[in-house]
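Enquirer: Next come a sequence and a model predicted from it.
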Amino acid sequence: MKQFVFVYILALVPGVFQQSFAQLPVIPANTKQSDSVRVLDFLNADRLSYKKIDSTNELTTAAGNVSFKDGNTLFYSDSAVHNKINRTLETFGNVHIIDNDTIHTRSQYLIYYIDKKQAVLKKKASMTDGKGILTSEEIFYDANLKLGTYSKGGKVVTENTVLTSKEATYYTDLKEVYFKKDVKLKNPGYNITTDSLLYNTSSQVATFVTKTNIIDSNKSEIVTSEGFYNLKDKTAKFGKRTIIKDKALTVTGDDMEIDDKTGIFNASGNAVLIDTSQGISVIANKIKASRINNTFIATQHPLMIIRQDKDSVYVTADTLFAGKLSDLESQSGMEEQKDSLKSVAAIDVQDSTNRNRYFQGFHNVRIFTDSLQAISDSLFYSGRDSIFKLFTNPILWASDNQITGDTIHLFTKNKKPERLYVFENAMVINKSSDNLYNQIKGNTLNGYFTDGYINYMRSKGSAESIYYAKDDNQAFIGMNTAHAEIIDLYFKDKKLERVVWRHDASGNVYPMTQIPDDKKLLGNFKWLENKRPKTKFELFEDIPATPPSPGSVSKVH
């Protein structure tokens, strides 16, 4: 019924209606009567009745298209009861509150505390700011603070995201909902469970403040205790040692950034990557990985651990990178690192995951195992042929042997050294005693391992040697110098046992007391033991400068 009809009806009934309902004075809490008084305006109703029950209950009842206004807040319902004494208003059926034209609250029952501007809505209660819809069987709403809460379970729905919890507080001005107790967020990309979560219905940003589990559509899991996820642009940032578990891959870091659109995530601060499918772990201050390309790059003191039964391989460099060989083959314009990529050309892209992997080390590469150690400027490893390829001033140590050359290839089997190949300026130095060095050099060098230790080596092509012979009592008896096309070295119990010269061999034997100083060292001799990592803990120490060679250095012949 229109308002003018209602005014006409009021003219026919006692003035108490006008006093009780048409203009209901609202006294703010802790405000004296002499202060200004707010007015609750009654707008419309089809039917009215009045009844005074006792000193605490003086009721005015309205029914049919009821509406009234409190400041900028409009109330609509099927019926309403105003208690003039205790300053409450109850509404029933199709309750609808509009606050500042932006916040819509609905239910089947409402009790409104006029002086406090607070309401309790029950039965199919809901609130919306146009961005998200909060629903619960019971909602408490504070029109002063623009605050809605529920404590008996409810949910918020925004676009394709549903959030449920046992308790929640809805800050309507900020468009933020603070969920507590058994919180669950579901959308097509993620399922999130936590105990507390802050969600902005406008920006669609979920902020995590306690331990949270996130599972994406690919069944990857994120465990974090701090951070946020933007459901609009699919980006996230986490702190407090976040963990990502993606199939066989686990990544942990003090801080984590994720971009679902590109599939890239960045871990920083004591970051750890574990790949159980390949048996490797990477520790670095920064790790950047791609879920789509299945690559990662580790910087700031990275360390890779290749696990095996007894003798794990530790690799460090300024930068470590890993990817798929099939992708490397398809990249155009990539500069070939000498012979390192020749094996890639024939790769079978249908090969197993492990065999289709490679990793690279750039600058200051260092390798440590109990049985051998190495350094170089760069490194390439192929999972297809299981070869470590060391470039630019590589040095490899195996037991008491130092091996150098322009390039060194270390062949492995089941992650254990099987043989090595050195080409161009290959040289082996074996320290026999103080200032006494067995030395072999040639164009190429092949070495073979048993149980992780060298048992045989062959130097080929313009080979030269210096060898200190011993008697049965291990006393030195002289020094042999020789040239040959091939020189073989045989080892026993990790020690050089004998040297055999083959094809066009020639040389000299010097008694120990008659060895010329200029014959003790082959050309380009450098004893680099100080660069050798003695333990895995030395891998992060600075590589020492090259020391001067012991004794005089000169070329033989």
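Expert: Yep, it's here. Residues are numbered from 1 along each chain as shown.
Enquirer: Which parts of the stretch 251-400 of the chain are helices?
Expert: Here the stretch 251-400 of the chain has its helices, by DSSP state H, counting those that start in this stretch, at 325-330.
Enquirer: shaky segments in it?
Expert: Applying pLDDT under 70 to the stretch 251-400 of the chain flags residues 309, 331-354.
Enquirer: so how many other residues sit close to the nearest residue to residue 372 once chain neighbours are set aside?
Expert: Leaving aside its chain neighbours, residue 372 sits nearest to residue 398 (4.5 Å; criterion: CB to CB, 6 or more residues apart in numbering). C-beta coordinates here come from the backbone N, C-alpha and C atoms, glycine included. Neighbour count for residue 398, taken as other CB atoms under 10 Å: 25.
Enquirer: Is residue 536 in contact with residue 314, as I believe?
Expert: Yes. Counting by CB atoms under 8 Å, residue 314 is a contact partner of residue 536 at 4.7 Å.
Enquirer: so what's in contact with those two at the same time?
Expert: Residues touching both residue 536 and residue 314 (CB atoms under 8 Å, 6 or more residues apart in numbering) are residue 368.
Enquirer: Let me see the ranges of the strands in the stretch 1-150 of the chain.
Expert: Counting by DSSP state E, counting those that start in this stretch, one finds strands in the stretch 1-150 of the chain at the ranges 23-26, 38-44, 47-54, 57-70, 73-83, 88-99, 103-113, 118-128, 133-142, 147-150.
Enquirer: any idea of the mean pLDDT in the fourth one?
Expert: Averaged across strand 57-70, the pLDDT comes to 89.
Enquirer: cool, the second one as well?
Expert: Taken as a whole, strand 38-44 has a mean pLDDT of 74.
Enquirer: swap in the first one?
Expert: Averaging pLDDT along strand 23-26 yields 44.
Enquirer: Kindly report the same for the last one.
Expert: Looking at strand 147-150 alone, the average pLDDT works out to 91.
Enquirer: buried set for it?
Expert: Buried residues in strand 147-150, counting neighbours by 16 or more other CB atoms under 10 Å, are found at 147, 148, 149, 150.
Enquirer: For the second one, name its beta-bridge partners.
Expert: By that I understand residue 148. residue 141, residue 170 (DSSP bridges).
Enquirer: what's the answer for residue 191, then?
Expert: Going by DSSP bridges, residue 191 forms beta bridges with residue 186, residue 215.
Enquirer: Quick check: buried residues in the one helix or strand residue 183 maps to?
Expert: In the assignment (DSSP states H and E), residue 183 maps to strand 176-186. By neighbour count on 16+ other CB under 10 Å, the buried set for strand 176-186 is 176, 177, 178, 179, 180, 183, 185.
Enquirer: now the second one: how far from residue 329?
Expert: Computed with CB to CB, to the nearest Å, the distance linking residue 177 and residue 329 is 50 Å.
Enquirer: so who does residue 209 touch?
Expert: Per CB under 8 Å, 6+ apart, neighbours of residue 209: 196, 197, 198, 225, 226.
Enquirer: Now restrict those to buried residues only.
Expert: Using 16+ other CB under 10 Å as the threshold, 196, 197, 198, 226 are the buried ones among these.
Enquirer: ok, what's across the strand from the first one?
Expert: Assessed by DSSP bridges, residue 196 has beta-bridge partners residue 180.
Enquirer: of all the buried ones among the contacts of residue 209, which comes closest to residue 157?
Expert: The closest of the buried ones among the contacts of residue 209 to residue 157 turns out to be residue 197 (CB to CB; 14.9 Å).
Enquirer: Next one, pLDDT for the closest one please.
Expert: Value listed for residue 197 in the pLDDT field: 94.
Enquirer: so it touches residue 208, yeah?
Expert: Yes. Assessed by CB under 8 Å, residue 197 is found in contact with residue 208 at 6.2 Å.
Enquirer: So the closest residue to residue 306 other than its chain neighbours versus residue 151, what's the distance?
Expert: Nearest residue to residue 306 in three dimensions, chain neighbours excluded: residue 313, at 4.0 Å (CB to CB, 6+ apart). Distance from residue 313 to residue 151, counting by CB to CB: 57 Å.
Enquirer: who has more neighbours, the two?
Expert: Shown here are residue 313 and residue 151; by other CB under 10 Å, residue 313 has more neighbours (24 against 15).
Enquirer: residue contacts, the residue nearest to residue 306?
Expert: 305, 306, 367, 368, 369, 415.
Enquirer: what's the answer for residue 304, then?
Expert: Applying CB under 8 Å, 6+ apart, we find residue 304 in contact with 280, 281, 282, 298, 314, 315, 316, 320, 359.
Enquirer: and the last one, how many neighbours does it have?
Expert: Using other CB under 10 Å, residue 359 has 24 neighbouring residues.
Enquirer: Tell me what it is bridged to.
Expert: Going by DSSP bridges, residue 359 forms beta bridges with residue 322, residue 381.
Enquirer: what's the spacing between it and residue 436?
Expert: 39 Å.
Enquirer: The first one now?
Expert: Distance of residue 280 to residue 436, given as CB to CB: 40 Å.
Enquirer: Give me the more crowded residue out of these two.
Expert: residue 280 (20 against 17).
Enquirer: for residue 235, what are its contacts?
Expert: Neighbours of residue 235 in contact, by CB under 8 Å, 6+ apart: 229, 257, 258, 259, 260, 261.
Enquirer: neighbours around the residue nearest to the last one when sequence neighbours are not counted, how many?
Expert: Read that as residue 261. When the adjacent residues along the chain are set aside, residue 261 lies closest to residue 234, with 5.1 Å between them (CB to CB, 6+ apart). Look at residue 234: counted by other CB under 10 Å, it has 14 neighbours.
Enquirer: For residue 234, what are phi and psi?
Expert: Here is the backbone geometry of residue 234 (degrees, to the nearest 10): phi 60, psi 40.
Enquirer: Okay, residue 207 and residue 236: tell me how far apart.
Expert: Distance from residue 207 to residue 236, by CB to CB: 11 Å.
Enquirer: What of residue 364?
Expert: Taking CB to CB, one finds residue 364 at 33 Å from residue 236.
Enquirer: Compare those two (neighbour count), which wins?
Expert: More neighbours surround residue 236 than the other of residue 364 and residue 236, with 24 against 16 (other CB under 10 Å).
Enquirer: just curious, which of the buried residues of strand 176-186 is nearest to residue 91?
Expert: Nearest to residue 91 among these is residue 177, at 24.9 Å by CB to CB.
Enquirer: Done for today, thanks.
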